[in-house]
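**Student:** Predicted model follows, preceded by the sequence.
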Amino acid sequence: MPLASSLRRRLAVLTQCLAVCGLALGVACAASPPPARARTPDEAPPPVEARAGPRAIDARAIIADARKIASRDGVEELLEIPVGETKQWISVRGRDRRNPILLMIHGGPASPELPTSWAFQGGWEDFFTVVQWDQRGSGKTYNANDPARIGPTLSLDRITEDAVEVVQYLRRRYGKEKVFVLGHSWGSLVGLGLAHRHPELLFAYVGMGQVISGQENERVSYALTLAAAEAAHDLVALQELRAIAPYPEKDGSLPLEKIGIERKWSNTFGGLVHGRDDIGHYLNLADLSPDYSAADVAAIELGSQLSLPQLLPELARFDYTQVTRFDCPLVIFAGRHDTTTPSQVTADWLTRVRAPGKHLVWFENSAHMMMVEEPGRVLLHLVQDVLPLAALRPVPAPAASSLPGPTPPGTGPASR
């Protein structure tokens, strides 16, 4: 199996851990879906070029064939669609197109989960039409556009606007009134903003590795990581962690160098993947993706380099602590050992939330990557706790028990 480069590994670990944010205003729906390049279930998969010899070719071809959607009512499409004056890529897979759509919004920023999804979402496809989306500046979407033009457009608002456009596209193309949205890590902020601004588009929002406040997330993550280093009597970790104090900075900022040190040790002590001290086993899955070319895999690193300088400052400013009124159900998947996006922060916030429904699911053997740490339980709770929400009649959210808090970044009066 070909290994990721050291730079890609470092950047991907960092961006997967950041779990930053996004929020923006939706755009109007066109009368009919724009044209798209599609691969249907009856068509052969795209050519598989060599990456590291015949075994790599065989593995990708075998995976593509094994996961082929063969059911009569299934859907298997890899689409390039117009979004926000750019070209963006989505994968749409399910064994019955009558099932509700589940859009997974990936982490990072710029850590697409499309190339690794083949390893964890197969069971989901029995119950949902699952959509993976390579966001602006990420993966296949990075390669579809001029980075020099995309770089200045990268913002939390713009990416969430893109998310709304993607949802509207899916509704039109597949004839759906509403969809489910699952936001993971950075995607949890994009998804939470989408749920707050456009609850009418969603059956429910599912947060996985959810972040509520950028600064509080980092403060608690640092405290938990420092405590883990003390418990392990790791003198090197203690020296490096104490050297970056205060973390975050007194002005609330998060220098990239300090984030890298904090995340290195959080990862080492199992705060990203419980029981593991790195995430190489997960990153390597992209090298066998039937949907990704070698150039697409290389674009993961390039997208990280493009996105981090633009989006890290917005992480530090993000704050949803006073946003406690939602008009669609919320389901939170929380890893008990997550020090990347500490789950207790979100659990405490959820107690104050008013919504038509809310549910917290603890994953006792997971940190931040529960879809690969406890894949069976993730599937179970998607089917048991999320899927039934598609059948519920809309119920107005109860009145909030307190006055509205400050407006989150990227919102305006119309979003309330």
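**Tutor:** Right, received. Where do you want to start? Numbering: from 1, shown residues only.
**Student:** Under a three-state scheme, what state does Phe203 occupy?
**Tutor:** Here Phe203 is recorded as strand under DSSP: H, G, I helix; E, B strand; the rest coil.
**Student:** and it, what does it touch?
**Tutor:** Neighbouring residues of Phe203 by C-beta atoms under 8 Å, 6 or more residues apart in numbering: 100, 178-180, 328-329, 389-390, 392. From N, CA and C alone the C-beta is placed, and that goes for glycine too.
**Student:** Out of those residues, the closest to Ile81 would be?
**Tutor:** Val179 (15.1 Å; C-beta to C-beta).
**Student:** Can you tell me the closest non-neighbouring residue to that closest one?
**Tutor:** Nearest non-adjacent residue to Val179, counting by C-beta to C-beta, 6 or more residues apart in numbering: Ile101, 4.2 Å away.
**Student:** Give me the most central residue, this structure.
**Tutor:** His106 (2.4 Å; C-alpha atoms, centre = their mean).
**Student:** Not counting sequence-adjacent ones, nearest residue to that one?
**Tutor:** Glu113 (4.1 Å).
**Student:** related to what we said a few turns ago, I'd say the residue nearest to the centre of the chain and His184 touch.
**Tutor:** Yes - between His106 and His184 there is a contact at 6.3 Å, judged by C-beta atoms under 8 Å.
**Student:** List the buried residues in the helix or strand Leu283 falls within.
**Tutor:** Per DSSP states H and E, Leu283 falls inside helix 280-283. For helix 280-283, burial by neighbour count (16 or more other C-beta atoms under 10 Å) applies to 282-283.
**Student:** I'd like to know which elements that helix is packed against.
**Tutor:** Under the contact definition 3 or more C-beta pairs under 8 Å, 6 or more residues apart in numbering; DSSP states H and E, helix 280-283 sits against helix 6-18.
**Student:** Which residue ranges of the stretch 101-250 of the chain form strands?
**Tutor:** Under the criterion DSSP state E, counting those that start in this stretch, strands of the stretch 101-250 of the chain are mapped to 101-105, 129-134, 179-184, 202-208.
**Student:** ok, the contacts of Phe203 vs Leu224, which is closest?
**Tutor:** Using C-beta to C-beta, Pro329 is the member of the contacts of Phe203 that lies nearest Leu224, at 29.2 Å.
**Student:** residues in contact with the closest residue to that closest one other than its chain neighbours?
**Tutor:** Distance criterion C-beta to C-beta, 6+ apart; nearest residue to Pro329, sequence neighbours excluded, is Gly357 at 3.6 Å. Contact partners of Gly357, counting by C-beta under 8 Å, 6+ apart, are 204, 329-330, 389, 392.
**Student:** what do you get for Glu240?
**Tutor:** With contacts defined as C-beta under 8 Å, 6+ apart, Glu240 is in contact with 261, 264-265.
**Student:** go again using 6 Å as the cut-off
**Tutor:** Taking C-beta atoms under 6 Å, 6 or more residues apart in numbering, we find Glu240 in contact with Ile261.
**Student:** separation between it and Glu262?
**Tutor:** 9 Å (C-beta to C-beta, to the nearest Å).
**Student:** Is there a quick PyMOL command that grabs whichever of the contacts of Gly357 are buried?
**Tutor:** Entered in PyMOL, the line below selects the buried ones among the contacts of Gly357, by 16+ other C-beta under 10 Å:
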select buried, resi 204+329+330+389
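**Student:** which one of the contacts of Gly357 sits closest to Ile212?
**Tutor:** Distances from Ile212 to the contacts of Gly357, taken by C-beta to C-beta, are shortest for Leu330, at 11.7 Å.
**Student:** Not counting sequence-adjacent ones, nearest residue to the closest one?
**Tutor:** Distances taken as C-beta to C-beta, 6+ apart put Lys358 closest to Leu330, at 4.7 Å, once the chain neighbours are dropped.
**Student:** quick one, phi psi at the one you found?
**Tutor:** phi -150, psi 150 (degrees, to the nearest 10).
**Student:** Give me the local confidence score for it.
**Tutor:** For Lys358, the pLDDT comes out at 98.
**Student:** With Trp362 instead?
**Tutor:** 98.
**Student:** What lies in contact with the host helix or strand of it?
**Tutor:** Per DSSP H and E: Trp362 is located in strand 358-363. Strand 358-363 is contacted by residues 330-336, 347, 350, 370, 374, 381, 385 when judged by C-beta under 6 Å, 6+ apart.
**Student:** which of these has the most neighbours?
**Tutor:** Ranked by the number of neighbours (other C-beta atoms under 10 Å), the contacts of strand 358-363 place Phe333 first, at 29 neighbours.
**Student:** looking at this, that one is in a strand?
**Tutor:** Yes - according to three-state DSSP, Phe333 belongs to a strand.
**Student:** measure it to Glu80 for me?
**Tutor:** For Phe333 relative to Glu80 (C-beta to C-beta), the value is 30 Å.
**Student:** Check which helices and strands the helix or strand following the strand holding Trp362 sits against.
**Tutor:** Toward the C-terminal end, the helix or strand that comes next after strand 358-363 (DSSP H and E) is helix 370-373. In terms of contacts (3 or more C-beta pairs under 6 Å, 6 or more residues apart in numbering; DSSP states H and E), helix 370-373 is not packed against any helix or strand.
**Student:** So what's the gap between helix 370-373 and the chain middle?
**Tutor:** Distance of helix 370-373 from the chain centroid (C-alpha atoms, centre = their mean, to the nearest Å) equals 13 Å.
**Student:** Right, I'll call it a day here.
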